[in-house]
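>>> Quick one, what's the 3D model for this:
(one chain, ligands or ions: 1)
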Amino acid sequence: MASKQPYTYSDTADEAVRATCDDASICKRFATSKGYWTDLYAQYFVRQVGERKAPEINRGYYGRVKGVNLLLDAFLEKTQCDCQVVNLGAGLDTTFWRLKDENIMPKKFFEVDFPTIVARKIHHIKTKPPLSKPLIETHSTDSLLLDGHSLDSDRYCIISADLRDLPTLEDKLKKFQINPELPTLFLSECVLVYMTPEQSSKLVHWVADTFPTAMFINYEQVNMNDRFGHIMIENLQRRQCNLAGVDLCQSLDSQV
Ligand SMILES: C[S@@+](CC[C@H](N)C(=O)[O-])C[C@H]1O[C@@H](n2cnc3c(N)ncnc32)[C@H](O)[C@@H]1O
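Down below sits the predicted model:
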């Protein structure tokens, strides 16, 4: 019998990784309800504000969202929006709607996540006009694709794929008209830590080999040897969620 790889393609392990999507959106929803930053759309993905989070958590999320947005907005400004953005492991992220409201949308905004997360996100979009209206407003024809597994419009596309399966990822991005000639920003916000260093490395190399003009924003945990890091690892392990890439999160140097 073929032995299973420790971190890949195990349903239980993947399910625990998918559950981190809810952690992120619940914490972001709480922090925005307390005014740490403004997000008009988080409420449509997480209805209840939920239980109180410690200030350290709210501040951490503030820094995370602010840092990523600063770099993303600088890229959009530099390219004058003549570019693409690919959010890897996007979860229930609401950036597309912010960019639309601020009138700084890239040519096309792609998101990738596991099929069950994508299905949930698409369901929210289909059933909530404040989410679907901006999407329809940015679409010119009547050929909008919106099924259980993917969404494709002129400016926004959500793809179901496993980031560890690069041939399928590439096929799907091509199917939805990604243009390798355009400057492209790849974004992974707390995602690569759930993949082995080899899998992350292949993904980053694929980006470098495929897109002549690209930028990669990777927001990841570091200093995992301190008390905060230990508690985070313990909490996730209790939920059977292994951080397959944690060895590279010991310091900024190891992450680089
Ligand atoms: C901690 S959540 C972060 C979500 C979002 N980036 C954010 O910051 O709000 C990690 C996300 O990465 C996704 N993810 C992790 N490994 C993945 C893989 N191999 N393929 C596709 N998505 C993956 C999970 O499903 C989850 O939605």
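>>> Got phi/psi on residue 82?
phi -90, psi 70 (degrees, to the nearest 10).
>>> how many neighbours does the residue nearest to it when sequence neighbours are not counted have?
Leaving out its chain neighbours, the residue that sits closest to residue 82 by Cβ to Cβ, 6 or more residues apart in numbering is residue 107, at 6.5 Å. C-beta: built from backbone N, CA, C; applies to glycine. Other residues lying near residue 107 total 17 when counted by other Cβ atoms under 10 Å.
>>> isn't residue 107 right up against residue 86?
No: applying Cβ atoms under 8 Å as the test, residue 107 and residue 86 come out as separate, 11.9 Å apart.
>>> Distance of residue 216 relative to the ligand?
14 Å (Cβ to the nearest ligand atom, to the nearest Å).
>>> nope, residue 141 is what I was after
Following Cβ to the nearest ligand atom, the distance that separates residue 141 from the ligand is 29 Å.
>>> Which secondary structure state is assigned to the most centrally placed residue in the chain?
In the chain, the residue lying closest to the centroid (Cα atoms, centre = their mean) is residue 90, at 2.0 Å. What DSSP: H, G, I helix; E, B strand; the rest coil gives for residue 90 is coil.
>>> Could you list the low-confidence segments of the chain?
Applying pLDDT under 70 to the chain flags the ranges 1-10.
>>> now the helices for it?
Ranges of helices in the chain, per DSSP state H, are 11-33, 42-45, 55-78, 95-101, 115-127, 129-137, 166-175, 197-210, 227-238, 252-255.
>>> Residue 151 is nearest to which of those?
Nearest to residue 151, of all the helices of the chain, is helix 115-127, at 5.4 Å by Cβ to Cβ.
>>> so what's the nearest residue to residue 61 once chain neighbours are set aside up against?
Here the nearest residue to residue 61 in space, its sequence neighbours aside, is residue 31; by Cβ to Cβ, 6+ apart that works out to 4.8 Å. Going by Cβ atoms under 8 Å, 6 or more residues apart in numbering, residue 31 touches 37, 53, 57, 58, 61, 62.
>>> out of those residues, which are buried?
53, 58, 61, 62 (16 or more other Cβ atoms under 10 Å).
>>> With adjacent residues omitted, what lies nearest to residue 116?
Nearest to residue 116 is residue 18, by Cβ to Cβ, 6+ apart, at 6.1 Å.
>>> picking that back up, isn't the residue nearest to the centre of the chain right up against residue 109?
No: Residue 90 is beyond contact range of residue 109, at 9.6 Å (criterion: Cβ under 8 Å).
>>> how far away is residue 48 from residue 109?
27 Å (Cβ to Cβ, to the nearest Å).
>>> And these two? Which one has more around it.
Using other Cβ under 10 Å as the criterion, residue 48 and residue 109 rank with residue 109 on top: 23 against 10.
>>> Would you agree that one is in contact with residue 156?
Yes: between residue 109 and residue 156 there is a contact under Cβ under 8 Å: 5.2 Å.
>>> Identify the contacts common to these two.
In contact with both residue 109 and residue 156: residue 96, using Cβ under 8 Å, 6+ apart.
>>> which residues touch residue 140?
Counting by Cβ under 8 Å, 6+ apart, residue 140 has contacts residue 154.
>>> Residue 132 touches residue 126, doesn't it?
Yes: counting by Cβ under 8 Å, residue 126 is a contact partner of residue 132 at 6.5 Å.
>>> Does residue 98 touch residue 37 like I think?
No: the pair residue 98 / residue 37 is not scored as a contact, 10.1 Å apart, by Cβ under 8 Å.
>>> picking up where we left off before, Serialize the buried ones among the contacts of residue 31 to TSV and add fields for distance to the ligand.
Formatted as TSV, the buried ones among the contacts of residue 31 follow (distance: Cβ to the nearest ligand atom, whole Å):
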residue	distance to the ligand
53	15
58	15
61	9
62	13
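>>> Near the ligand, which residues of the stretch 1-150 of the chain are found?
17, 18, 20, 21, 24, 89, 90, 91, 93, 113, 114, 117 (Cβ under 6 Å from any ligand atom).
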